[in-house]
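Undergrad: Got a sequence here, can you build the structure:
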Amino acid sequence: MTEKIRRLIPREEFDYQMLLDCLKDYARPRDKISVLLHRGTIIRVKKGLYVFGADYRKRPYSREVLANQIYGPSYVSLDYALSYYGMIPERVETVTSVTCGKNRSFSTPVGTFTYWSVPLTYYHIGVDLIELGDSRSFFMATREKALTDKLYHEKSLFIRNVKELESFLLENLRIDSGILYNLNRNTIEKITQHCRSRNVRLLTTLLIHNREDSIHE
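TA: Next up, the predicted model:
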């Protein structure tokens, strides 16, 4: 049974319907699923979503792919994306995402996944589809959107001017300055048009000032 399922399901992340299709020849497929779970052949991430157990994987499962599937619509962003892109030095364990739904958090056997809400008009801008090369993909914020999402989410952060924002980004978040000052200013300006956030507007101003200073040096 296990070999058949592993042959019919080539990917590491799969849903309940895919399992049922593999077990359609059995009279009681739900009982078979219970056996697979008990043996550790498969692991339930949440209701209706699974990954293969460690002894049955062909490759590592993708927590980014799972993040899109656990709760949606959503895309990976914020601290996790900043770490993924190497913009901050810390390794981030919780997979942080942005959604146009409600704020949610899920503690699962494969890690913690959090989702933070933003307005729909702002949600769609600056999101890429990341292809993994094996028929798997996931939605993730661009570098620019991951940073603006972080600033948008930090609503309690009282930043009065560009200098304070620069200090927060470089000293508190420890963002790599080479990456920060080479972000696409046009992309951030477009994002700013759909985002009512003083912090995000200050980011646009910071990048404009830095470009002007570089020109005059």
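Undergrad: Which strand runs longest in this protein?
TA: For the chain, the longest strand by residue count, based on DSSP state E, is strand 111-117.
Undergrad: Contacts for that strand, please.
TA: 63, 66-67, 70-71, 74, 78, 93-106, 149, 153 (CB atoms under 8 Å, 6 or more residues apart in numbering). Where you see a C-beta, it was placed from the backbone N, CA and C, and this is true even at glycine.
Undergrad: Now with 10 Å, please.
TA: 45-46, 63, 66-72, 74-80, 93-107, 123, 149-150, 152-153 (CB atoms under 10 Å, 6 or more residues apart in numbering).
Undergrad: Quick one: mean pLDDT for whichever helix or strand comes after that strand?
TA: Next along the chain after strand 111-117, taking DSSP states H and E as the criterion, comes helix 120-123. In this model, helix 120-123 has a mean pLDDT of 94.
Undergrad: And stretch 170-189, by the same measure?
TA: Rounded mean pLDDT across stretch 170-189 is 93.
Undergrad: how about low-confidence regions in this protein?
TA: 211-217 (pLDDT under 70).
Undergrad: and it, what are its domains?
TA: Domains of the chain are assigned by automatic domain parsing as 2-56, 63-216.
Undergrad: ranges for the helices of the protein?
TA: Here the chain has its helices, by DSSP state H, at 2-8, 16-22, 29-39, 63-70, 78-84, 120-123, 143-153, 162-167, 177-180, 185-193, 198-216.
Undergrad: so which of these is the most packed in?
TA: A comparison of these by mean neighbour count, using mean count of other CB atoms under 10 Å, puts helix 143-153 on top with a mean of 25.
Undergrad: and the spatially most central residue of the chain, what does it touch?
TA: Centroid-nearest residue in the chain: residue 76, 1.4 Å away (criterion: CA atoms, centre = their mean). With contact taken as CB under 10 Å, 6+ apart, residue 76 is in contact with 63-65, 67-68, 84, 95-98, 113, 127, 130, 138-141, 146.
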